[in-house]
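Participant: fold the stuff below for me.
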Amino acid sequence: MPAVSLRKMLNKKELPSLLNNLVHQFNIAVDVELIDGTKLISIGERTKENRYPIEVSGEIIGWVVGGEQTIILATLLSLLAKQEAEKKVLAIELLERYQEIDLFEDISTQLTTSLDTRQIAPLVLQELSQLIESSAGMILLLSPDATAFEIIAEFGVFFDDSQPEPGKGIIGNIVQSNRAELINDVQADPRLDRQKNVSAMICVPLRAKERVLGAIAIGASQTDSYKAEHLKLVSIFASQTAIAIDKALLYEQSTQAALQAKAQTQKLQQALHELQLAQTQLIQSEKMSSLGQLIAGVAHEINNPVNFICGNLKYVAEYAQDLLHLLEKYQKFLPVAPPELESQLENIDLEFIMQDFPKLLDSMKLGTDRIVEIVQSLKNFSRHDEAEMKAVNIHDGIDGTLMILHHRVKADVHRPAIEIVKDYAKLPLIECYPGQLNQVFMNILANAIDALEEGMENSGVKSSPQITIRTRAIDQQCIVIRIADNGPGMKEEVIHRIYDPFFTTKDVGKGTGLGMAISYQIVVDKHGGMLKCRSQPGEGTEFWIQIPLNCALVDATEEQMPIFTTESSSIPDTDGFIPSTAPKLKPTDLLIRHTQLIQRLSQHSPDVEGASPDQIYQMFQRNPISLKLYATLLSWFCCSNPNEIRH
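Facilitator: I've put the predicted structure just below:
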């Protein structure tokens, strides 16, 4: 018990007056001295020299000198001194508790702010090693199936070679029993299963929500190194540590679950995206298959009579020359014709016929040659029977597409002719799917013509519409086709959406919104190329189509990833081109497309809002493309597998 100062105790103002009252009450004389004889209080004249000790826990701290009755005063002062000593002990304990509270609050704050078990464990051992003298310490985590321990933090050497196992040895048994223990002689413990480098140890299981997470253990090289308060301190640390580790493990599990959910969401989004593209491809494939078969069939049927005409025109020209030559001979032998024949010759204007007939045959020859070119262009465009790649001259595909669109390029009563400017470089043959690339050229050129016509209709200015087509090779690895128009252009937010299935800025019946989505699939997915666009309102639009020279390399790759990838952020490059991104269509977009389609239909039929389903269907019948598009949109809401839909 702490020492008590008798001088300080007697300096309290209440005590001297109390002693005076007692002395006068008993009519005695008394001296109070320190243990060395120094007088602190002297009351009255002493007649006797009896010395009675003032004791605290067997230790004399002073004397009361006087008669026999002064023993009462010595007993009273001893009792007061004992109370002072107990107050000091209590104060020390309170101070220690306050220090412990501050310590644990600090540790608890540090532990709760960390959500990583690899950070929590070293922090706990560091604090423990500063409070309790130890030569080794460690924190173990029990595996989920409770078959093994994992040491997540340690200092010193607890074991020579191997780590503890659940149910074996001192630590394994303590964890299994779920009861903290203090062992001051480790070598004498019967549970010892291997040589340890500590002689005394404390082991406390880590418990959280009635579940054992592991254990915390500290050891010392000397026996009898620990006391009960050390066990209590380690237990408090274990409690805080278990809570922190449990929270960290829950956080790790929730993070892992969130990552798995995110990955699953991405898989579902990818599956939806693939279904959407498959749906789009089904529509376009059927459309292009029917169109290709139609074009190929028409070209084949035209080709036979044209070949007949072309083959016989040569003989017709020869026969005409022979007949005209024979007629000239007759005129030489019969310069004067009979009156009946003379009248007939004047009626038919023989001289004009003889001059014009060869010219007529020449013009027929030119016409048939033109038909042959058109038929060849139709064949080149359709290529319905070419499912494999082949080496082609890309310029032939562009020219063939322009030939088919020739009727849309010519001048009409509403606008002047659209000028086609070709800037072709010398290109090598490329391995590709020519029919599909022709489809891309058709989509982009047709959109350019639509934009030019729309721009002139809205502005009312009869400007000089122009489409420029440039080609060039890049580093002997790929070719680039750039198609630009001087139309009204597009805003950037529109450019980001032009590859979305069913997105269109055209009126009902003038577009399905599939052309650019299909173009993206053909250029990027099928050929491993790149598709970019740049445009500004009032400054026209330009598309950049980049195709590898050997697309078969792309088709042979395991995952068919594009060779020329585009930025995922769709940020314009240094030339202002915005790379295309994978077209996506969310369920909310389907509802938006549905609303937009009805709104466009209402522009042509204002009474659509009050129309019955049959009347709406009849309105769609007048716009077959819109009807097919509308049916496709509805299929996404009512069909679990859009790939099974037949159009």
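Participant: please report phi then psi for Ala411.
Facilitator: As for Ala411, its main-chain torsions (degrees, to the nearest 10) stand at phi -70, psi 150.
Participant: mind listing what the residue nearest to it when sequence neighbours are not counted touches?
Facilitator: The shortest distance from Ala411 to any non-neighbouring residue, by CB to CB, 6 or more residues apart in numbering, is to Ala417 (3.9 Å). C-beta coordinates here come from the backbone N, C-alpha and C atoms, glycine included. Neighbouring residues of Ala417 by CB atoms under 8 Å, 6 or more residues apart in numbering: Val409, Lys410, Ala411, Pro465.
Participant: so which of those is the most crowded?
Facilitator: When neighbours are taken as other CB atoms under 10 Å, the top entry among the contacts of Ala417 is Pro465 (22 neighbours).
Participant: so it makes contact with Glu419?
Facilitator: Yes - contact criterion CB atoms under 8 Å: Pro465 and Glu419 qualify, at 6.9 Å.
Participant: what sits up against the strand or helix carrying Tyr52?
Facilitator: Element membership of Tyr52, judged by DSSP states H and E, is strand 50-56. By CB under 8 Å, 6+ apart, the residues outside strand 50-56 that reach it are 1, 3-4, 6, 32, 60-68, 70-71, 73-74, 77-78, 81-82, 84-85.
Participant: for it, what is the average pLDDT?
Facilitator: Mean pLDDT, strand 50-56: 87.
Participant: mind listing what it pairs with, with the direction of each?
Facilitator: strand 59-66 (antiparallel) (DSSP bridges).
Participant: closest to the centroid, which residue in this structure?
Facilitator: Geometric centre of the chain, nearest residue: Gln266, 7.6 Å, by CA atoms, centre = their mean.
Participant: what helix or strand is that one on?
Facilitator: Element membership for Gln266, per DSSP H and E: helix 228-333.
Participant: next secondary structure element downstream of that helix?
Facilitator: helix 339-348.
Participant: tell me what that following helix is packed against?
Facilitator: Helix 339-348 sits against no helix or strand, with contacts defined as 3 or more CB pairs under 8 Å, 6 or more residues apart in numbering; DSSP states H and E.
Participant: got the angle for that helix vs helix 228-333?
Facilitator: Here helix 339-348 points in a direction 150 degrees away from that of helix 228-333 (axes from the mean of the first three to the mean of the last three CA atoms, to 10 degrees).
Participant: so for helix 339-348, mean pLDDT?
Facilitator: Averaged across helix 339-348, pLDDT comes to 78.
Participant: list the buried residues in the strand holding Tyr52.
Facilitator: Across strand 50-56, burial judged by 16 or more other CB atoms under 10 Å covers Tyr52, Ile54, Glu55, Val56.
Participant: likewise for stretch 176-186?
Facilitator: Of all the residues in stretch 176-186, those buried under the rule 16+ other CB under 10 Å are Ala180, Glu181, Leu182, Ile183, Asn184, Val186.
Participant: same question for stretch 125-138.
Facilitator: Quick answer for stretch 125-138 (16+ other CB under 10 Å): Leu125, Glu127, Leu128, Ser129, Ile132, Ser134, Ser135, Ala136, Gly137, Met138.
Participant: so how far is it from its chain's centroid?
Facilitator: Relative to the chain's own centre, stretch 125-138 is displaced by 45 Å; criterion: CA atoms, centre = their mean, to the nearest Å.
Participant: list the contacts of it.
Facilitator: 103, 107, 139, 151, 153-158, 197-198, 216-221, 225-226, 230, 233-234, 237.
Participant: change it to 6 Å
Facilitator: Residues outside stretch 125-138 that contact it (CB atoms under 6 Å, 6 or more residues apart in numbering): 107, 151, 153-158, 198, 217-221, 230, 237.
Participant: just the buried members of those residues?
Facilitator: Neighbour counting by 16+ other CB under 10 Å classes 107, 153-156, 158, 198, 217-220, 230, 237 among those as buried.
Participant: between those residues, which sits nearest Ile547?
Facilitator: Nearest to Ile547 among those is Ala153, at 58.5 Å by CB to CB.
Participant: phi first, then psi, for that closest one.
Facilitator: The phi/psi pair for Ala153 (degrees, to the nearest 10) reads phi -160, psi 150.
Participant: surely Ile578 meets Pro572?
Facilitator: Yes - counting by CB atoms under 6 Å, Ile578 does reach Pro572; the two are 5.2 Å apart.
Participant: the more surrounded of those two?
Facilitator: Per other CB under 10 Å, whichever of Ile578 and Pro572 has more neighbours is Ile578, with 20 against 15.
Participant: so that one bridges to which residues?
Facilitator: When assigned by DSSP bridges, Ile578 has beta-bridge partners Cys533.
Participant: tell me how far Ala317 lies from Gly367.
Facilitator: 14 Å (CB to CB, to the nearest Å).
Participant: same thing with Leu452?
Facilitator: Distance from Leu452 to Gly367, by CB to CB: 29 Å.
Participant: the two - which one has more neighbours?
Facilitator: Each of Leu452 and Gly367 has its neighbours counted (other CB under 10 Å); Leu452 has more, 23 against 14.
Participant: for Asn173, give me its contacts.
Facilitator: Neighbouring residues of Asn173 by CB under 6 Å, 6+ apart: Arg191.
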